[in-house]
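Student: fold the following.
(one chain, ligands or ions: 1)
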Amino acid sequence: MKTLIVFASGNGTTERCANLLAEKVTAPKEVVNLKKGFPANPEDYDTIIIGGSILAGKIQSVVRKFINRNCEILMKKRVGLFICCMAEEESERDKYFTTSFPQDLRDHAFAKGFFGGEVIFSGLNLLSRFIMKKITKTDQDIHKINQDAIARFAETINKSL
Ligand SMILES: Cc1cc2nc3c(=O)[nH]c(=O)nc-3n(C[C@H](O)[C@H](O)[C@H](O)COP(=O)(O)O)c2cc1C
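Tutor: Predicted structure coming up:
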């Protein structure tokens with residue numbers, strides 16, 4: 001039972017979350033950064049986990065591209081979906097989830113998660129730094145990766161293997 005975790009990340013938080021998740025998944029797994037290339041053959045896996053972060057209200061276009069390119073395969077696999085973002089409101093996070101993933105895939109997914117987010121100012125360009133300072137009303141880094149949510153997500157995967 002092989003598991004594939006694919007992700008896209010702006011400044012590394014989703015990558016950290018994907019790796020934290022991978023550490024907790026008991027099955028053989030591979031972690032692929034979609035910005036560096038697509039996995040050669042998603043058909044080879046039983047479970048495919050897809051994650052990305054929300055930047056200016058949207059998930060990375062490369063995540064959508066991966067989904068569009070593999071939609072038929074994905075509907076035949078066990079699929080998990082996760083998002084990293086700073087939104088605290090459940091309704092806002094739900095909205096991001098809805099706009100990030102197509103409905104048939106959301107309905108098909110057996111695991112869904114919000115893994116929180118981080119703002120690390122030194123990793124942002126000037127414009128992003130300015131925007132995030134305004135939104136967060138601070139220039140201090142924020143670390144809100146939700147370890148519990150990652151652990152619960154991994155447990156759902158492990159239980160269903
Ligand atoms: C330019 C920029 C725009 C962002 N826009 C949003 C947003 O619209 N909604 C939100 O909840 N979080 C937003 N965030 C917070 C990110 O989702 C959060 O920092 C996340 O951890 C980024 O993960 P990454 O490093 O993997 O891209 C934004 C962050 C940046 C830098």
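Student: from here on, contacts and neighbour counts on C-alpha atoms
Tutor: Fine.
Student: what sits up against stretch 117-130?
Tutor: Residues outside stretch 117-130 that contact it (CA atoms under 8 Å, 6 or more residues apart in numbering) are 11, 13-14, 84-86, 132, 139-146.
Student: out of those, which end up buried?
Tutor: 11, 13-14, 84-86, 132, 145 (16 or more other CA atoms under 10 Å).
Student: so which of those sit within strands?
Tutor: 84, 145 (DSSP state E).
Student: longest strand in this structure, by residue count?
Tutor: strand 47-55.
Student: interface residues of the protein facing the ligand?
Tutor: Along the chain, the residues adjacent to the ligand under the rule CA under 6 Å from any ligand atom are 9-14, 53-57, 84-87, 117-119, 128.
Student: swap the cut-off to 5 Å and go again
Tutor: 9-14, 53-57, 85-87, 117-119, 128 (CA under 5 Å from any ligand atom).
Student: now, the residues you listed that are in helices?
Tutor: Here DSSP state H is the test, and the residues of the chain next to the ligand give 13-14, 128 as lying in helices.
Student: ok so, going back, if any of the residues of the chain next to the ligand are buried, put those into a PyMOL selection.
Tutor: Buried residues among these (16+ other CA under 10 Å), as a PyMOL selection:
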select buried, resi 9+10+11+13+14+53+54+85+86+117+118+119
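Student: contact partners for the residue positioned nearest the centre of the chain?
Tutor: With distances taken as CA atoms, centre = their mean, the chain has Gly51 as the residue nearest its mean C-alpha position (2.1 Å). Gly51 makes contact with 5-8, 14, 18, 63, 81-84, according to CA under 8 Å, 6+ apart.
Student: returning to that earlier point: reformat the ones in helices among the residues of the chain next to the ligand as a markdown table; add pLDDT and distance to Asn70.
Tutor: Output for those, formatted as a markdown table (pLDDT from 0 to 100; distance: CA to CA, whole Å):
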| residue | pLDDT | distance to Asn70 |
| --- | --- | --- |
| Thr13 | 98 | 25 |
| Thr14 | 98 | 21 |
| Ser128 | 95 | 32 |
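Student: just give me the closest of the residues you listed to Met75.
Tutor: Thr14 (23.5 Å; CA to CA).
Student: how many neighbours does Gly37 have?
Tutor: For Gly37, the count of nearby residues is 10 (other CA atoms under 10 Å).
Student: ramachandran angles for it?
Tutor: phi 150, psi 160 (degrees, to the nearest 10).
Student: from Asn68, how far out is it?
Tutor: In this view, Gly37 and Asn68 are 15 Å apart by CA to CA, to the nearest Å.
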